[in-house]
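Student: Fold the following and give me the result.
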Amino acid sequence: MKILKKNLRVAVVQASPVMFDKDATLDKVVSQIAEAGTHGAELIVFPESLVPCYPYGLTFGFNVGSRSEDGRKDWKIYYDNSVVVPSADTDRIGKAAKEAGAYVSIGITERDSTNYSLYCTNLVFSPDGKLAAKHRKIKPTGAERYIWADSHDPDTYFPITDTPWGPMGALICWENYMPLARVALYQQGVSLYLAPNTNDNPEWQDTIRHIAIEGHCYVINADQYFTKAMYPDTLLAKDEIARLKDETCIGGSCIIDPYGHCVTEPVWNQEAIIYADLDMDAVPMSHMEFDGVGHYARPDILELTVRDGK
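Tutor: Numbers count the residues shown, from 1 in each chain. I've put the predicted structure just below:
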């Protein structure tokens, strides 16, 4: 794998959405991209499902065998504020990426333009403003399956963006617990491994360190920060919201180097833009004694096949 540029300035945006408000959240995103660009960021990474929000704690009225009308109404607000790809909304993000001269990775809830399904999706825009990659979560976790469909589009399974700092790929939140999904990225030589998520538990910090060591890649861990007070009063699920912790998701965003060490320590309990300068020589150097899909592999007895879904 060839790395053309040896130094990379990254900005990890531990952001709070304007919850359930696509347009207002996009206003914030565009502003944060511009801010990171003025600080020289060449790669700007946002969390999972930032636009319009990760609907933490809501059931949308789903029970086994039944749904509620109030749940349908809250879901319709979420549906209306989800992002069609491509659209004027993605054009806004692409324009901001171009003006900043940076790659931008951002998590959205995507509304399919050909049906009524929603997907948990991560988008990557290149510095020319074009959409370079779209990854749909292949298996939503737990009750996420009520609102997000599985990806069945092979183009969205494990896309890689070729950057001057090597191949870049992403897995969303608990996809990172799927060993074979990780290998699907390792097999493509990923040097920049993006992990957008809404997972602020301590064990997650162990997971991202393990991935960095296993893949000998930089892991960019981008989480959200949001509070109970940020949920809009217009939602009908007031009892569900009342049961949430005041600080509902407390972040923990950070960057891990290919040896499993923190380049930046996790940031907790606040919005923040975290900057770091990465030495990309560390990626090939770290593979000297362990290359999980190269000299440390046994393709004669172990093999991963990624099916095209057809």
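
Student: who are the neighbours in contact with residue 277?
Tutor: For residue 277, the contacting residues are 7-10, by Cβ atoms under 8 Å, 6 or more residues apart in numbering. For every residue, glycine as well, the C-beta is placed using N, CA and C.

Student: which is the next helix or strand following the helix or strand harbouring it?
Tutor: For residue 277, the host element (DSSP states H and E) is strand 272-279. Downstream of strand 272-279, the first helix or strand assigned by DSSP H and E is helix 282-286.

Student: Report the mean per-residue pLDDT for stretch 209-225.
Tutor: Mean pLDDT, stretch 209-225: 98.

Student: got it, and stretch 241-255?
Tutor: Mean predicted lDDT for stretch 241-255 stands at 98.

Student: ditto for stretch 303-310
Tutor: 81.

Student: and that stretch, how far from the chain's centre?
Tutor: 23 Å (Cα atoms, centre = their mean, to the nearest Å).

Student: follow-up on the earlier one: the strand holding residue 277: how far from the chain's middle?
Tutor: 17 Å.

Student: now stretch 163-175
Tutor: The answer for stretch 163-175 is 9 Å, by Cα atoms, centre = their mean.

Student: just stretch 68-79 next, same as before
Tutor: For stretch 68-79 - counting by Cα atoms, centre = their mean - the centre lies 25 Å from the chain centre.

Student: What helix or strand is residue 72 located in?
Tutor: Using DSSP H and E, the element containing residue 72 is helix 69-80.

Student: Which residues outside that helix are in contact with it?
Tutor: In contact with helix 69-80 (Cβ under 8 Å, 6+ apart) are residues 20, 52, 55, 58-62, 109, 111, 116, 118, 147, 234-237.

Student: Please tell me how far the residue nearest the centre of the chain sits from residue 48.
Tutor: For the chain, the residue nearest the mean C-alpha position is residue 196 (2.6 Å; Cα atoms, centre = their mean). Computed with Cβ to Cβ, to the nearest Å, the distance linking residue 196 and residue 48 is 4 Å.
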